[in-house]
Every structure is written in C-alpha cells, then in structure tokens.
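# Give me a 3D structure for the following:
(one chain, ligands or ions: 1)
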Amino acid sequence: MSDQYRTEIAGHELSPESLMMGYGYRPEWSEGALKSPIFQTSTFTFTSAAEGKRFFAISYGLVEPEEGESAGLIYSRLNNPDLEILEHRLTLWDGADQSLVFASGMAAITSTLLTFLDPGTVLVHTAPLYGGTDHFINHVLPRFQIETVEWHHGMTVDDVAAEVGDRTLAAVLMETPANPTNELFSISAAKELADRYRSEDNPAPVMVDNTFLGPMFQHPLKHGADIVLYSATKYIGGHSDLIAGAALGSHELMTRVTETRTILGTMATPLTGWLMMRSLETLSLRMTRQMENAKKVAAFLVDHPKVAKVSYLGLLEPDDEGYDIYMEQCDGPGAMISIWVDGGETEAFRFLDSLQLAHLAVSLGSTETLVQHPASMTHAAIPKELRDKVGIVDNLVRLSVGIEDASDIKQDLINGFNEVKLL
Ligand SMILES: Cc1ncc(COP(=O)(O)O)c(C=O)c1O
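As a prediction, the model looks like this:
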C-alpha cells in the first residue's frame with residue numbers, strides 16, 4: 001500500500017480524526033503544497049491515445065483493471081482529484097469500501113435510488129422522511145411505475161412484508177433518526193426484511209440516510225445497512241457554505257451508483273470537494289461540541305413550562321420507545337432537538353421570531369444554531385394527513401444546536417419562550 005493510504009504507525013491503528021489532514025494525498029503531487037489544491041479543471045490530458053483508451057475502458061467497466069490499477073483522470077464529471085481524495089477520507093468514518101460525492105444530498109439519494117429501482121419493483125421507506133426525499137418518492141418515482149410501501153413506527157418486519165406481498169422489493173430507504181421527529185427505526189430489522197427478497201439479480205440494498213447522526217454517532221454499515229447516504233450540506237460540510245451529498249458502500253454497489261452519477265452528472269464540483277476536505281478536519285471537534293451543547297439545552301427544555309414535549313435522543317430512558325434501537329445502533333445522541341411548543345403555530349412563530357442568537361433558517365448541522373418550523377417549511381409539501389400522523393404539527397420547532405457557548409444558546413431560548421404568551 002502506498003504512503004498516502006497508511007492507516008497505522010508501527011502496528012498502532014490511526015483514527016479517522018488523525019487521518020483527515022492527509023489521507024489519500026501526497027504533497028509531492030502538487031509542488032509540495034501541504035493542502036491539496038483546487039483542481040479547477042473540466043478535463044485532463046492523456047500522455048498518449050493508448051492511455052486515454054485504457055482509462056476509458058476501465059472507467060466504463062469494459063476491461064478488468066490490473067491489481068492496484070484504477071481509471072486515470074479523464075473528465076471532471078467522471079473523476080477529479082479533489083473528489084477522489086475526499087472520497088477516500090469519507091470512507092474512514094463509516095468503514096466503507098468506497099464513497100461517492102454528489103452535488104447535493106438529494107443528488108446522492110435520487111441517483112442511488114434510480115440505480116436500484118426498476119418499473120414494477122417496490123421501494124420500502126420509513127416515514128417521515130425529509131420533504132425533498134418524500135416528494136421524489138411520492139411524485140417522481142410513480143411516473144416510472146415504481147411502487148412504494150411506507151414503514152411507520154410500530155410496524156414489524158412481518159407487517160411490512162405483508163404489504164410488499166409477492167412483489168419485488170428492490171430497496172429499503174431508511175431515515176433514522178427521522179427528520180424532523182427524531183424517531184428511530186431498526187437497521188437490523190430492515191436487513192431482515194431485505195434478506196427475504198434478495199437474490200443473485202436483486203441486491204435489495206438497505207440504504208440509511210445518516211444525515212442526523214453520521215458520520216460520528218451512527219455507523220449503519222456495521223448494523224446491516226448496505227449503503228449510507230448523506231446530505232453533506234449538514235454536519236459533514238458544517239459551515240452553511242456548501243451544498244453536497246454522499247453515498248457509501250461496497251465496491252460492488254458503488255460501481256453501479258458511479259455509473260448513474262456519471263450519466264446523470266450529479267457529482268460535486270472540485271471547489272465543493274476541497275471545502276469538504278477542509279470541513280472534515282474539524283468534523284469530530286464540531287460534532288462532539290454540538291452534542292455536548294445539545295445535552296445541556298435538552299435538559300433545560302424538558303422542564304420548561306412552555307414546552308409541551310421535547311424529543312432528543314439523549315433523553316431516552318429504558319422504558320421509552322426507541323431506547324433499545326438507540327442502544328443497539330447509535331453511538332451518541334447528536335445535536336438535533338424537536339420541540340413541541342405549548343400552543344399552536346402562533347406560539348411557535350412567536351418563539352421563532354423572538355430568537356436573537358439562533359438563526360431562523362432551514363438546514364442543520366452547522367456551526368451556528370439553526371431553528372425552523374417543519375410543518376410550514378422543510379416538510380410543507382408532505383400531505384397534512386401524513387404530517388399529523390407522524391407528529392409534524394403546527395407547534396413543532398426543529399432545533400439544530402451549534403458550537404456556540406451553551407449558556408448563550410439557553411439564554412436565547414429563555415428569552416424566546418418569555419415572548420410566547422399563551423392565547
Ligand atoms: C435528512 C436529510 N436528507 C437529505 C436532505 C437533502 O439534502 P440536500 O439539501 O443537501 O440536497 C436533507 C436536507 O435537509 C435532510 O435533512
């Protein structure tokens with residue numbers, strides 16, 4: 001193995017935190033530059049026509065590469081150094097063979113789903129889902145005769161299998177914890193379901209949108225998932241300054257997704273790749289601090305008289321629904337808090353409008369604390385009936401805790417609640 005992929009020193013295994021600054025890159029490739037430059041180029045020159053032919057043959061899967069050989073650089077829709085280095089680094093957190101970076105979380109989710117779904121097959125998905133994902137599943141996939149089955153909280157594997165019946169289950173898409181309610185779904189149960197339908201021609205992958213907890217606090221591949229998906233706009237990017245997505249899994253599955261990404265052109269740009277490498281260096285620091293802040297904020301919210309209910313994974317007790325799943329598959333509670341303000345939309349809006357430190361904006365996982373109103377914003381397009389069923393109601397506010405001082409965040413929330421006068 002060449003130096004840039006070294007993951008141990010004298011038998012001591014290095015952690016991802018240590019590898020984020022250099023893994024997959026060698027300064028001698030770029031005039032000694034410590035950081036990888038931004039390879040702002042659309043295309044790459046070949047040293048000979050034969051080399052170009054070979055690169056294309058490998059990239060298009062027309063020949064088997066030799067041991068250690070990979071497709072050389074061709075064209076930035078297919079590959080680019082900033083994306084390749086980043087993709088190598090991203091695999092380390094989730095223990096994946098391969099990762100692929102996309103122009104957005106939606107690009108990652110839609111490209112991956114389209115890779116495995118065919119007309120007449122069934123996609124099982126947990127509910128609720130992020131509004132954009134829900135829209136794609138319920139408004140775009142049906143145009144291609146792809147059928148769907150919703151997996152609601154409390155349904156067993158047998159219940160879901162009964163709904164799929166003798167149709168072909170082609171994939172399971174899970175969002176756990178679910179955005180915006182923090183509900184948990186069991187990855188091992190999804191694997192049990194998919195196993196019933198798998199065959200040589202049908203990998204029926206279990207895909208987990210790990211945006212809320214990953215890649216620090218949940219590692220779905222270790223619990224039976226086949227593909228991990230991210231809106232990398234969130235914790236991975238972490239600074240509210242880029243839009244990106246990622247898909248991770250085995251070489252076999254990612255080879256298939258690569259083809260879709262190449263043909264749809266849903267890859268990220270070199271600048272986005274470079275920014276994400278910058279972000280990955282502080283990922284662990286940021287996510288740990290956000291989680292510590294969120295624990296303090298959640299503890300304060302539980303007893304607040306103007307909070308009807310609060311959902312935060314760190315508050316789960318052994319008798320609570322979801323506790324067993326949390327213990328089985330999560331490594332920490334993260335920093336997403338769902339708050340049901342006492343009252344309705346009026347009270348929720350008054351609270352949101354009164355905050356001075358937290359920013360009223362959609363998105364999450366960034367260094368600054370963000371708040372939003374899912375029923376009228378991120379999840380507005382979901383039919384009200386489903387929103388009511390899963391708790392995306394008018395008094396729900398979603399809080400993404402940032403890295404500010406926890407007591408400042410608390411003070412901001414106290415002031416906000418003081419402005420909520422019950423009608
Ligand atoms: C859980 C989840 N998945 C996917 C997405 C879509 O990601 P993007 O906005 O990067 O396309 C979001 C966006 O909010 C999200 O919260």
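# tell me which residues form a beta bridge with the closest residue to the ligand within the stretch 201-350 of the chain?
For the stretch 201-350 of the chain and the ligand, the shortest gap (CB to the nearest ligand atom) falls at residue 231, measuring 3.0 Å. (C-beta placed from N, C-alpha, C; glycine too.) Judged by DSSP bridges, the bridge partners of residue 231 are residue 245.
# which residues touch it?
104, 105, 106, 108, 130, 209, 211, 244, 245 (CB atoms under 8 Å, 6 or more residues apart in numbering).
# cool, residue 352 as well?
Counting by CB under 8 Å, 6+ apart, residue 352 makes contact with 360, 371, 372, 373, 397, 416.
# So the last one belongs to a helix, correct?
Yes. With DSSP: H, G, I helix; E, B strand; the rest coil as the criterion, residue 416 is part of a helix.
# how far away is the closest residue to residue 419 other than its chain neighbours from residue 230?
Closest residue to residue 419 apart from its sequence neighbours, by CB to CB, 6 or more residues apart in numbering: residue 354 at 3.8 Å. Plainly put, residue 354 is 32 Å away from residue 230 if you go by CB to CB, to the nearest Å.
# The two: which is more packed in?
Taking other CB atoms under 10 Å, residue 354 and residue 230 do not tie; residue 230 has more neighbours (29 against 16).
# which one is that one nearest to, not counting chain neighbours?
Closest to residue 230 by CB to CB, 6+ apart is residue 246, at 4.4 Å.
# count of residues packed around that neighbour?
By other CB under 10 Å, 29 other residues sit near residue 246.
# same check, this time on residue 251
Residues within reach of residue 251, counting by other CB under 10 Å, total 10.
# Touching, it and residue 98? I think so.
Yes. Residue 251 lies in contact with residue 98 (CB atoms under 8 Å); the separation is 5.3 Å.
# Enumerate every residue touching the residue in the chain positioned nearest to the ligand.
Nearest to the ligand, among the residues of the chain, is residue 105, at 2.3 Å (CB to the nearest ligand atom). By CB under 8 Å, 6+ apart, residue 105 lies in contact with 130, 132, 209, 211, 229, 230, 231, 232, 233, 234, 244, 245.
# In space, what's closest to it - neighbours in sequence excluded?
Nearest residue to residue 105, sequence neighbours excluded (CB to CB, 6+ apart): residue 231, at 2.6 Å.
# hmm, back to that, my read: the residue nearest to residue 419 touches residue 416, true?
Yes. Using CB under 8 Å, residue 354 makes contact with residue 416 at a distance of 4.4 Å.
# can you pull the contacts of residue 357?
Contacts of residue 357 (CB under 8 Å, 6+ apart): 369, 404, 408, 409, 411, 412.
# for it, helix, strand, or coil?
Residue 357 ends up coil, using three-state DSSP.
# Spell out which parts of the stretch 301-423 of the chain neighbour the ligand.
Residues of the stretch 301-423 of the chain lying close to the ligand (CB under 6 Å from any ligand atom): none.
# okay, now residue 360: neighbour count?
For residue 360, using other CB under 10 Å, the count is 15.
# same deal with the one 3 residues further on?
Counted with other CB under 10 Å, the burial measure for residue 363 works out to 16 neighbours.
# With the one 10 residues further on instead?
The number of residues packed near residue 373 is 24, by other CB under 10 Å.
# Now the element after the longest strand seen in the chain, going C-ward?
Counting residues, the longest strand in the chain under DSSP state E turns out to be strand 168-175. Next along the chain after strand 168-175, taking DSSP states H and E as the criterion, comes helix 187-195.
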